[in-house]
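Engineer: Need coordinates for the below:
(2 chains, ligands or ions: 2)
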Amino acid sequence: MLSVSNLHVAVGGTEILKGLSLEIPAGEVHAVMGPNGAGKSTLSYTLAGRQGYEVTEGSASLNGEDLLAMAANERAARGLFLSFQYPLEIPGVPSLTFIRTALNAQRKARGEDEIGAPAFLKLAREQAAKLKIEFDMLKRPLNVGFSGGEKKRMEIFQMAMLSPQFLILDETDSGLDIDALRIVSEGVNALRSSERGMLVITHYQRLLDYIKPDRVHVLAGGKIVASGGPELALELEDTGYDRFAPAAA
Amino acid sequence: MAAVKQTIDQVEQLEAYEHGFVTDIAQDFAPKGLSEDIVRFISAKKQEPDWMLQWRLEAYARWLAMDAPDWAKVSFPKIDFQDLYFYAAPSQKAGPMSLDEVDPELLKTYAKLGIPLREQEVLAGVQGAPRYAVDAVFDSVSVVTTFKKELAEVGVIFCSFSEAVREHPELVKRYLGTVVPTTDNYYACLNSAVFSDGSFVYVPPGVRCPMELSTYFRINAQNTGQFERTLIIADQGAYVSYLEGCTAPQRDENQLHAAVVELVVLDDAEIKYSTVQNWYPGDADGKGGIYNFVTKRADCRGDRSKVSWTQVETGSAVTWKYPSCVLRGDDSVGEFYSIAITNGHQQADTGTKMIHLGKNTRSRIISKGISAGKSSNTYRGLVSAHAKATGTRNFTQCDSLLIGKTSGAHTVPYIEARNASSKFEHEATTTRLSDDQLFYVMQRGLSQEEAVQLLVNGFVREVLQELPMEFAVEAQKLVAISLEGSVG
Ligand SMILES: Nc1ncnc2c1ncn2[C@@H]1O[C@H](COP(=O)(O)OP(=O)(O)O)[C@@H](O)[C@H]1O
Ligand SMILES: [Mg+2]
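Structural biologist: Ligands and ions are numbered 1, 2, ... in the order given. As a prediction, this is how the structure comes out:
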């Protein structure tokens, strides 16, 4: 599914990722953990196609297709979804309008028919109920005046509505209280399937109690410096990232 | 390499101006230039009564003594009035016509522009045919007005200005020039002397006009000034919603457009006036385009009267326009909702004046300016309260959105409160379309162009909502088109 090999990425002339490799097969959930500033968000932005994230070396593909040759929206249409660490506010655009516009843009790009209003609304009501989002909130401009936790919940709602193939969650747990964390995790787990892959980026082990990863990787100094099973996350909880610091230097 | 790159010189959409075609049709012109004889010529062409001619001549004499204003934040070469035609009309008989008498080339033009002139199709329920009455003005004359009979049944007069002068002189005499006096300003004075045609509306007491009224202005002839004159009167307790749309062919030379619109609102009456202005904006290098110098004013003469101006300004090379409300009647209300978009080399200086004269009068101003390319976009507003206008309220919200790094936005608000009980609030913001937002939207599946459209539509939504339904969708498309290519 996702295949990243020897990825070097520079931002504003500074190299942040320095030869990162990662394989996430369909059906698997991989966690990437690392200290602040390790380059976790840089990885997610690069995979999602943000401008200004210059790939100087290496490759990244999704289902064999070169991601790096595509614009951000083309990657989205291929089923790549990024749940942002800091979701943006979109004034004047009701959340539902936004999501429907996005869904139809993706469907159009894939040569599928647009989804009609009744079907869309039905789906939205179901998903909103699951994530305990008040339907009225979906009529408000996307993320405008939402609390940090509400924004994160809205990211997962968008994800559920767009039903992507490959999910990247960038610190989805930050800003969530324990109840919200459980609801959001249930939303994510509902999307686990043998066809989907997930990259869960987090600083803390806590999230992984709810979203159980198949593999855990440690990102430090712009590279994956350790990989293992779920037990690696627990180890990190005890030892911290300090022992990887020398590798970073 | 920011996602929001400057448009700079390659503002492709300017070439994409889709209404830029020319209609090939036989036309009558007045001789080039401006003189008393030309004023007489125009009046004679329109078979006007002597009082109308005298009114024009007086305006002309006064105009000769006036100077062009220079306070607006726009710059353009001095206009040579002797190099312009002041009258152009499709060769046809004067006076109202049925559609069968209208030149088929003209009908094709309006069909191409999507303007419904065939009532029968509308009545036959042709799918998507909107039900609103249209007065179509082609260069200097009105070619046809639809739904007149149905409107007459409820006493609403909707006809071309020329026809009103002939058929309803008592109404025209009573109200013409009472809102915008002849000498109000340079361009209004010029208009008073040489005005060509426009629409006339009278809604009798207590009547709610049963459909939207609209005028569609098309400049076609070369080197021709267009000087429309519109007069709308809502008598006591009446209501009317009126929409004006404008386009012009692509021409290398600048064309002058200097219109005057007067609204008279009596006790308890309401006029909703919407404009979707899409005159040719000039090419990528700033060559050609319409000079749009317009005086629009509403006189809320009656108590509890209400006027609301909504404008979507996307075209023209230079815009100089301040739809205003004189809130004379007690408890009268004035509203101004504006979207002004400039791209390429366009210059817009637009805004409103709310003149509070009556007690407890209220006004509301929502202005959304968007500037892209190398354009300049200025909001200029005046809110004033007379000493006797106690208990007045104004709320002004002025937002500017910048796209790219070479465009400019300016806000020039003037506030004059001459009594202590007036409450005026003013809020203003300026934001730049952000790369972060664009990326976020694109990550959800929208192309860059679609992402810009979505963000811009969100920015102007409050104002779009004020437009009649049929036009809101059109306006939304227009907003998208006028910003095409504005992001790298
Ligand atoms: N726009 C930028 N310009 C320069 N450096 C940046 C930029 N964005 C992030 N960085 C740097 O890149 C490094 C990785 O940042 P980031 O990927 O956000 O880390 P993480 O998500 O792991 O906390 C940090 O040192 C950060 O300061
Ligand atoms: Mg981060």
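Engineer: Find the centremost residue of chain A, please.
Structural biologist: Nearest residue to the geometric centre of chain A (C-alpha atoms, centre = their mean): A:Ile168, 2.1 Å.
Engineer: any idea which helix or strand carries that one?
Structural biologist: Assigned by DSSP states H and E, A:Ile168 belongs to strand A:166-170.
Engineer: Identify the neighbouring strands of that strand in the sheet and state each direction.
Structural biologist: Strand A:166-170 pairs in its sheet with strand A:80-83 (parallel), strand A:197-202 (parallel), by DSSP bridges.
Engineer: So A:Pro213 sits against A:Leu199, correct?
Structural biologist: No: using C-beta atoms under 8 Å as the test, A:Pro213 is too far from A:Leu199 to be in contact (9.7 Å). For glycine as for every other residue, the C-beta is placed from the backbone atoms N, C-alpha and C.
Engineer: Neighbour count for the two, which is higher?
Structural biologist: A:Leu199 (25 against 22; other C-beta atoms under 10 Å in any protein chain shown).
Engineer: Nearest spatial neighbour of the more buried one, chain-adjacent residues omitted?
Structural biologist: Leaving out its chain neighbours, the residue that sits closest to A:Leu199 by C-beta to C-beta, 6 or more residues apart in numbering or on different chains is A:Ile168, at 4.7 Å.
Engineer: what bridges to the one you found?
Structural biologist: With DSSP bridges as the rule, A:Ile168 is bridged to A:Leu82, A:Leu199.
Engineer: Can you give me every residue that contacts it?
Structural biologist: A:44, A:47-48, A:80-83, A:198-199, A:201 (C-beta atoms under 8 Å, 6 or more residues apart in numbering or on different chains).
Engineer: you'd agree B:His386 is up against B:Lys359?
Structural biologist: No: between B:His386 and B:Lys359 there is no contact under C-beta under 8 Å: 9.7 Å.
Engineer: how long is stretch A:198-218 from one end to the other?
Structural biologist: Start-to-end span of stretch A:198-218 (C-alpha to C-alpha, to the nearest Å) is 16 Å.
Engineer: now stretch A:57-67
Structural biologist: From its first residue to its last, stretch A:57-67 covers 14 Å (C-alpha to C-alpha).
Engineer: Determine the number of other residues adjacent to the closest residue to ligand 2 within chain A.
Structural biologist: Of all residues in chain A, A:Ser41 sits closest to ligand 2, at 3.2 Å by C-beta to the ion. When neighbours are counted by other C-beta under 10 Å, A:Ser41 registers 20.
Engineer: What of the one 10 residues further on?
Structural biologist: The number of residues packed near A:Gln51 is 19, by other C-beta under 10 Å.
Engineer: quick one: contacts for the nearest residue to A:Ala109 once chain neighbours are set aside?
Structural biologist: Excluding its sequence neighbours, the residue lying closest to A:Ala109 (C-beta to C-beta, 6+ apart) is A:Ala77, at 3.6 Å. Contact analysis of A:Ala77 by C-beta under 8 Å, 6+ apart lists A:105-106, A:109-110, B:445.
Engineer: joint contacts of A:Pro213 and A:Leu199?
Structural biologist: A:30-31.
Engineer: who touches whichever residue of chain B sits closest to chain A in this structure?
Structural biologist: Residue nearest to chain A within chain B (C-beta to the nearest C-beta): B:Gly458, separated by 3.0 Å. Counting by C-beta under 8 Å, 6+ apart, B:Gly458 makes contact with A:90-93, A:141.
Engineer: just B:Gly358 next, same as before
Structural biologist: Counted by C-beta under 8 Å, 6+ apart, B:Gly358 has contacts B:300, B:303, B:327-332, B:389.
Engineer: Mark which of those residues are buried, thanks.
Structural biologist: Among the contacts of B:Gly358, those that count as buried by neighbour count (16 or more other C-beta atoms under 10 Å in any protein chain shown) are B:300, B:303, B:327-332, B:389.
Engineer: ok, and which of those residues reach chain A?
Structural biologist: Among these, no residue sits close to chain A (C-beta under 8 Å from any C-beta of the partner chain).
Engineer: Out of those residues, which comes closest to B:Tyr87?
Structural biologist: Of all the buried ones among the contacts of B:Gly358, B:Tyr87 sits closest to B:Cys300, with 33.7 Å by C-beta to C-beta.
Engineer: touching ligand 2 at all, the strand holding A:Ile168?
Structural biologist: No: applying C-beta under 5 Å from the ion, one finds strand A:166-170 out of contact with ligand 2, separated by at least 6.0 Å.
Engineer: Mind checking what helix or strand follows that strand in sequence?
Structural biologist: Downstream of strand A:166-170, the first helix or strand assigned by DSSP H and E is helix A:178-190.
Engineer: what's in contact with that next one?
Structural biologist: A:130-132, A:149, A:152-153, A:156-157, A:159-160, A:167, A:169, A:172-173, A:176, A:198, A:200, A:206-207, A:210-211.
Engineer: re earlier: intersect the contacts of B:Gly458 with the contacts of chain B.
Structural biologist: Among those, the residues lying close to chain B (C-beta under 8 Å from any C-beta) are A:90-93, A:141.
Engineer: Mind putting the residues you listed into TSV with neighbour count and pLDDT?
Structural biologist: As requested, these are exported to TSV (neighbours: other C-beta atoms under 10 Å in any protein chain shown; pLDDT from 0 to 100):
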residue	neighbour count	pLDDT
A:Ile90	23	95
A:Pro91	17	93
A:Gly92	20	93
A:Val93	23	95
A:Pro141	18	96
